[in-house]
Each structure stands twice: as C-alpha cells, then as structure tokens.
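Student: coordinates only, sequence not included:
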C-alpha cells in the first residue's frame, strides 16, 4: 500500500492550497481516508476524514468551514482543499487510510492503518 501526498508549499495567510493523496495497493472504496497534521513540537492531530462507503465526513473544529475533504474514485485520490489559511495551520500534513468510521479515525489515530510520508504546509503572516 502506498499513500503519496502532494500539493504542500508556502502560502500567505488568507490564501488557499489543495493537498492531494494518491492511494495504491488497496481497495480505495473500502477505506476511510483522512488528513492529519503535525506541527513542530506538537503531537499529530486529526484534521478531516471521509468514509468512502457512506460519504460521511468529519472535521476538526479548528478547520470546520475552511477545509473540505473529498475523493476522486477514478483516480483513487483524496483531496484536502484548504481556504482562509492561518499561520497556525502550518504543519506537516499526512494522509491516512483505515477501516473504521470517519469519527473513529478522528478520535483514535491508531485506527489509521496506512500513512503517507507527509507534505509541508507553511502559512506566513
């Protein structure tokens, strides 16, 4: 299984970025996909998840209304559209895949089975 993230970079506060995560080696439609992030000196935290079988989504309060998670079933890719970015959004963003519910993966990082290598997002003030 491979999860390969892309789309990170440097952006000014208020700007937008779209992260992509291409999945291979798994039955994409069977997995819940998620985005997590880790800032320097902090623990990895949940950002957003989407349960492929139901389409249900779950967001961290800190990104609700600004970030949108979505999938492309043909490309086996999950996206994270990030708008109105803030300096506190600066982190390495990781893609993950698991078999639990969207909420389950959100509250328990150990339910994420596969992880990507991460992509850096830096938001300048």
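Tutor: Great, that's in hand. Since the structure is predicted, the reported quantities are computational estimates derived from the model, not experimental observations. Residues are numbered from 1 along each chain as shown.
Student: pull the helix or strand with minimum mean pLDDT from the protein.
Tutor: helix 102-107 (a mean of 89; mean pLDDT, DSSP states H and E).
Student: List the contacts of it.
Tutor: Contacts made with helix 102-107 from outside it, assessed by Cβ atoms under 8 Å, 6 or more residues apart in numbering, are listed as 32, 34, 46, 49-51, 54, 56-58, 60, 96, 98, 111-112. Just so you know, the C-beta spots here come from the backbone N, C-alpha and C atoms, and that holds for glycine as well.
Student: How about stretch 54-71?
Tutor: Where contact means Cβ under 8 Å, 6+ apart, the residues beyond stretch 54-71 that reach it are 28, 33-35, 45-52, 77-85, 88-89, 101-103, 105-106.
Student: what about it, how long is it end to end?
Tutor: For stretch 54-71, the separation between the terminal residues is 12 Å (Cα to Cα, to the nearest Å).
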